[in-house]
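Novice: Coordinates for the following, if possible.
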Amino acid sequence: MKRSKINEVIRDMETMLDAYHISLPPFCRWSPEQWKTKNHEYDEIRDNRLGWDITDFGYEDFDRTGFALITLRNGNQKDPKYRKVYAEKLIMLKDGQTAPLHYHWFKSEDIINRGGGNLLITVYNGDEARNKLDNDVMVNSDGRSYIVKAGTAVRLCPGESITLWPYQYHSFAIEKGSGDVMIGEVSRCNDDETDNCFFEDIPRFPSIIEDEAPYRLLCTEYPEVER
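Specialist: Here you go, the predicted model:
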């Protein structure tokens, strides 16, 4: 994924957040130069990968398959010094864009349509062997529990949400022509290195081609603090 595309996507999401009157914490606005001045007071951001996360999942076609995410808060599944047991993200999905089928081994999460078009979450049950099962799926959505056929696209209008459990496969799309969507995610602690099981063998993070300077650093790019 080219750095110029990553920069473009971040600026695009900042514009969308401004339109929705959503303000970000300061670390999401720091430049790469400002990051060089940040000491150990900010280790929670580095250790728990808060901040920007832009991915095309290795498909190199972000406008069709990709996510623009910001992790606002997170605990740490591996480090007990971080006591938060929850995480929160914002995600931008563009009309015509999808995110691939996957489940989490550990994390349960609520996916919330915070505004824009209509979000489609396609659901299947999965198992420990990564199989996609064809049995019916229990849907938990805003206090309602009901059964759907495997592969059903659950439609979330603005304000609606769905709860996704470990081993529950899900993919993201937008109802065609309904408009871009700002998605909220509230979950158990998040670990994108170890807790994503993709149905297809794809990477969670893209390889980056440096064709221009970074506008913002991604959560995997923060400089080490000198000891």
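Novice: And the helices in the chain, which stretches?
Specialist: Remark: helices assigned in the chain by DSSP state H are 3-19, 32-35, 43-47.
Novice: Give me the nearest residue to the residue most central in space within the chain, chain neighbours excluded.
Specialist: Nearest to the mean C-alpha position of the chain, counting by Cα atoms, centre = their mean, stands Leu69 at 4.7 Å. In this structure, Leu69 finds its nearest non-sequential neighbour in Asp53, 4.3 Å apart by Cβ to Cβ, 6 or more residues apart in numbering. Every residue, glycine included, has its C-beta placed from N, CA and C.
Novice: what separates the one you found from Ala87, distance-wise?
Specialist: 12 Å (Cβ to Cβ, to the nearest Å).
Novice: Give me the common contacts of those two.
Specialist: Thr71 (Cβ atoms under 8 Å, 6 or more residues apart in numbering).
Novice: If you count surrounding residues, which of those two has more?
Specialist: Under the neighbour definition other Cβ atoms under 10 Å, Asp53 and Ala87 were set side by side, and Ala87 has more, 23 against 19.
Novice: I figured that one hits Leu69, correct?
Specialist: No: at 11.1 Å, Ala87 does not count as touching Leu69 under the criterion of Cβ atoms under 8 Å.
Novice: Settle this for me: the residue nearest to the centre of the chain is touching Glu88, isn't it.
Specialist: No: counting by Cβ under 8 Å, Leu69 does not reach Glu88; the two are 11.0 Å apart.
Novice: before we move on, the earlier item: contact partners for the residue nearest to Leu69?
Specialist: For Asp53, the contacting residues are 67-71, 192, 218-220, by Cβ under 8 Å, 6+ apart.
Novice: ditto for Gly159
Specialist: Counting by Cβ under 8 Å, 6+ apart, Gly159 touches Asn113.
Novice: Swap in 10 Å and give it another go.
Specialist: Counting by Cβ atoms under 10 Å, 6 or more residues apart in numbering, Gly159 makes contact with 112-115, 142.
Novice: Looking at those, which is nearest Glu175?
Specialist: Set against Glu175, the nearest of the contacts of Gly159 by Cβ to Cβ is Asn113 (10.7 Å).
Novice: tell me which residues form a beta bridge with that closest one?
Specialist: In this structure, Asn113 bridges to Ile183 when assessed by DSSP bridges.
Novice: For it, give its distance to Leu50.
Specialist: Counting by Cβ to Cβ, the gap from Asn113 to Leu50 is 23 Å.
Novice: what's the answer for Arg130, then?
Specialist: Distance, Arg130 to Leu50, by Cβ to Cβ: 29 Å.
Novice: Looking at the two, which one has more neighbours?
Specialist: Each of Arg130 and Leu50 had its neighbours counted (other Cβ under 10 Å), and the higher figure belongs to Leu50 (23 against 14).
Novice: Just the pLDDT for the closest residue to that one other than its chain neighbours.
Specialist: Nearest residue to Leu50 in three dimensions, chain neighbours excluded: Thr71, at 4.9 Å (Cβ to Cβ, 6+ apart). Predicted confidence (pLDDT) for Thr71: 98.
Novice: All set now, cheers.
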